[in-house]
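Q: Provided below are the primary sequence and the corresponding predicted coordinates.
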There are 2 protein chains.
Amino acid sequence: MKNIYIIGVGLIGGSLALELKRLDPTVTIYGISRKETTLDEAMSLNLIDRKATIDNIVNADLVILSIPVDAAVKLLPSLLDTIPEKGLVIDVGSTKEAICKVVENHPKRKHFLAMHPIAGTEYSGPKAAIYDLFQNKTNIICEEDKTDEALKNKVLNFFTTIGMKLRRMNPESHDKHIAYVSHLSHISSFMLGKTVIEKEKNERDIFDMAGSGFASTVRLAKSSPEMWTPIFKQNKVNVIETLEEYITNLTHFRDMMKQDDFEAIYNEMKNTNHIKDILKGIN
Amino acid sequence: MKNIYIIGVGLIGGSLALELKRLDPTVTIYGISRKETTLDEAMSLNLIDRKATIDNIVNADLVILSIPVDAAVKLLPSLLDTIPEKGLVIDVGSTKEAICKVVENHPKRKHFLAMHPIAGTEYSGPKAAIYDLFQNKTNIICEEDKTDEALKNKVLNFFTTIGMKLRRMNPESHDKHIAYVSHLSHISSFMLGKTVIEKEKNERDIFDMAGSGFASTVRLAKSSPEMWTPIFKQNKVNVIETLEEYITNLTHFRDMMKQDDFEAIYNEMKNTNHIKDILKGIN
């Protein structure tokens, strides 16, 4: 891989750029973005070697599509139209069904590999790019049998080298599970932040009384609305399902409190403590 | 302060023991607990110098009451009955109204100081005790004018020395605010954990797909039900109020999704991003 194009040089795209360059300093990393200022920032942070446009990918070995999922779905077909025979396009979005669907009948489908490297922080943009973001994290690979074997292996090998555990899953299962373990957490966090901000008009009280527990539960409310709105839109059915179950559980908790059934509340918490064992497996 | 009794040698009591001993190695720290095994553990971890019982506090300079809030409210009056003229009892619980109320007419009220050092982790028991837990954290002091001046100053000075910012608040305001910035976070986290556990019967899927965001939002679901059930019970009215507002906000979010109003969803998140500035003030 000599010519690597990164469309969207933010947290994920930028962090992948860092790893690619570290592994092979001779590669040329091209940055593509709607905003010139993003490319300037990526250049000054040494994330990319050159600025480029979509037309330039005719010489690409690898194109990494790391932009909001709605824009990714729109852009992918034309990328496949343009990608050369030696090239592969991968996408790294948080939803997989829509993007796999949009190119299912594309004549160059085998030049695409859908994946979701489950790594990130609550920050965004070029400045959010960091080394070692992917170490010991999981990368969900979808429909890999539809991708050219040789093109695919080179890229999967890269992700293994930077420390990712690869896991295969169909796009539908991915979107269903990720709604529970990621998308719901973001809504929970955003609405918790909203509830507290609304109530505590005098912010000094929040500053002073909020501890590390609060900070931990609302951390995701710092996430980018530009990235998350299209995720919720694309995964609407699954997200609504998880959200309704969450609301049901919270309402049940409230009812137990109203009924002074604190024995049941104790048991609810005791049973959920079991999350300890599950969290042990997460970095 | 020479003779210090700690009733409940867990996360908070044990961590205070570590700081007290570090500041003055000549103090004698006595541990009191319902469970002999807890005292054995506290002895072996060098958190306490000696095991004791309630009767022994007749020579106490300081008694730290750090047990679940229901047990604390029951025990406090008899502690004040027994405390000597030179002694002060402090409590460190997460609710302040009930405990202040139970001794409001006690003849030795001036030997009591109510506080809430807002510090902690999701762990509990003697093994959870750590150094520097209180550094740069806030300690809410309630009704300090009801406490003897000299006794109070010595103890407040200790908390300032270990790095705590002291803030004065009446018990009612404390309980109202803390419901938003602490108690609600715990319920949000417990119910999020429950929702995901219920759905994902096959735990491998959680292990593999859950990232740091999920871990962060459900971290508090590891908390001790023994400690948290009485907190919810004592702060029932405030907690139900916060919980209902949270459920209303989540339901509104769900409705916007159902109505495909993703512009409104974007705006909700954008407005809540403002939490960034609030979180900057929290460790």
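A: Yep, that arrived. Just so it is clear, the model here is predicted, and its values are computed rather than measured. Numbering: from 1, shown residues only, chains lettered A, B, ... in the order given.
Q: So what's the gap between the one helix or strand A:Ile240 maps to and the chain middle?
A: Using DSSP states H and E, A:Ile240 falls within helix A:236-258. Remark: helix A:236-258 is offset 24 Å from the chain centroid, using CA atoms, centre = their mean, to the nearest Å.
Q: Let me know the next secondary structure element after the helix-or-strand element of chain A with minimal mean pLDDT.
A: Least confident helix or strand, chain A: helix A:203-209 with a mean of 71, by mean pLDDT, DSSP states H and E. Sequence order places helix A:212-218 as the next helix or strand after helix A:203-209, per DSSP H and E.
Q: what sits up against that next one?
A: Contact with helix A:212-218 is made by A:188-189, A:192-193, A:196, B:119-122, B:181-182, B:185-186, B:188-189, B:216-217, B:219-220, B:275, B:279, B:282-283, as judged by CB atoms under 8 Å, 6 or more residues apart in numbering or on different chains. From N, CA and C alone the C-beta is placed, and that goes for glycine too.
Q: Buried by neighbour count, from the residues you listed: which ones?
A: By neighbour count, with 16 or more other CB atoms under 10 Å in any protein chain shown, the contacts of helix A:212-218 hold A:188-189, A:192-193, A:196, B:119-122, B:181-182, B:185-186, B:188-189, B:216-217, B:219-220, B:275, B:279, B:282 as buried.
Q: Next, the most centrally placed residue in chain A: secondary structure please.
A: Nearest residue to the geometric centre of chain A (CA atoms, centre = their mean): A:Ser94, 4.4 Å. Secondary structure, DSSP: H, G, I helix; E, B strand; the rest coil: A:Ser94 is coil.
Q: quick one: the nearest residue to it once chain neighbours are set aside from A:Ser182, how far?
A: Once flanking residues are discounted, A:Ser94 sits nearest to A:Ile231: 4.9 Å by CB to CB, 6 or more residues apart in numbering or on different chains. Computed as CB to CB, to the nearest Å, the A:Ile231 to A:Ser182 distance reads 9 Å.
Q: quick one: buried residues of stretch A:42-52?
A: By 16+ other CB under 10 Å, the buried positions in stretch A:42-52 come out as A:Ala42, A:Met43, A:Leu47, A:Ile48, A:Asp49, A:Lys51, A:Ala52.
Q: what does stretch A:172-186 give?
A: By neighbour count on 16+ other CB under 10 Å, the buried set for stretch A:172-186 is A:173-186.
Q: what mean pLDDT would you report for it?
A: Stretch A:172-186 carries an average pLDDT of 95.
Q: Distance across it, terminal residue to terminal residue?
A: This stretch, stretch A:172-186, spans 20 Å end to end (CA to CA, to the nearest Å).
Q: And for that stretch, what's in contact with it?
A: A:94-97, A:116, A:118, A:140, A:142, A:169, A:220, A:223, A:228, A:231-232, A:234-235, A:238-239, A:241-243, A:246, B:192, B:195-196, B:199-200, B:205-206, B:209-211, B:213-214, B:216-218.
Q: ok, now stretch A:34-49?
A: Here stretch A:34-49 has contacts from A:6, A:9-10, A:14, A:17-18, A:28-33, A:51, A:125-127, A:129, using CB under 8 Å, 6+ apart.
Q: Now list the buried members of the residues you listed.
A: A:6, A:9-10, A:14, A:17-18, A:28-33, A:51, A:126, A:129.
Q: So what does A:Lys86 look like in phi/psi?
A: The phi/psi pair for A:Lys86 (degrees, to the nearest 10) reads phi -80, psi 0.
Q: ok, it - contacts?
A: By CB under 8 Å, 6+ apart, the neighbours of A:Lys86 are A:Asp61, A:Leu151.
Q: is chain B contacted by the helix holding A:Ile240?
A: Yes: on the criterion CB under 8 Å from any CB of the partner chain, helix A:236-258 is in touch with chain B at A:236, A:239-240, A:242-247, A:249-251, A:253-254, A:257-258.
Q: quick one, that helix and helix B:236-258 angle?
A: With axes from the mean of the first three to the mean of the last three CA atoms, to 10 degrees as the basis, helix A:236-258 and helix B:236-258 are set at 160 degrees to each other.
Q: Does anything pack onto the helix or strand just after helix A:236-258? Which helices or strands?
A: Toward the C-terminus, helix A:236-258 is succeeded by helix A:262-272 as the next helix or strand (DSSP H and E). Contacts defined by 3 or more CB pairs under 8 Å, 6 or more residues apart in numbering or on different chains; DSSP states H and E place helix A:262-272 against helix A:236-258, helix B:184-199, helix B:225-234.
Q: neighbouring contacts of the longest strand along chain A?
A: Assignment by DSSP state E gives strand A:112-118 as the longest strand of chain A. The contact list for strand A:112-118 (CB under 8 Å, 6+ apart) reads A:12, A:76, A:80, A:88-94, A:96, A:99-100, A:103, A:106, A:134, A:137-144, A:146-147, A:151-152, A:155, A:159, A:164, A:171, A:174, A:178, A:182, B:209-211.
Q: got the contact list for whichever helix or strand comes after that strand?
A: Remark: after strand A:112-118, the chain's next helix or strand is strand A:138-142, criterion DSSP H and E. With contact meaning CB under 8 Å, 6+ apart, strand A:138-142 is reached by A:96, A:100, A:113-118, A:156, A:159, A:164-171, A:174, A:178, B:208-209, B:211.
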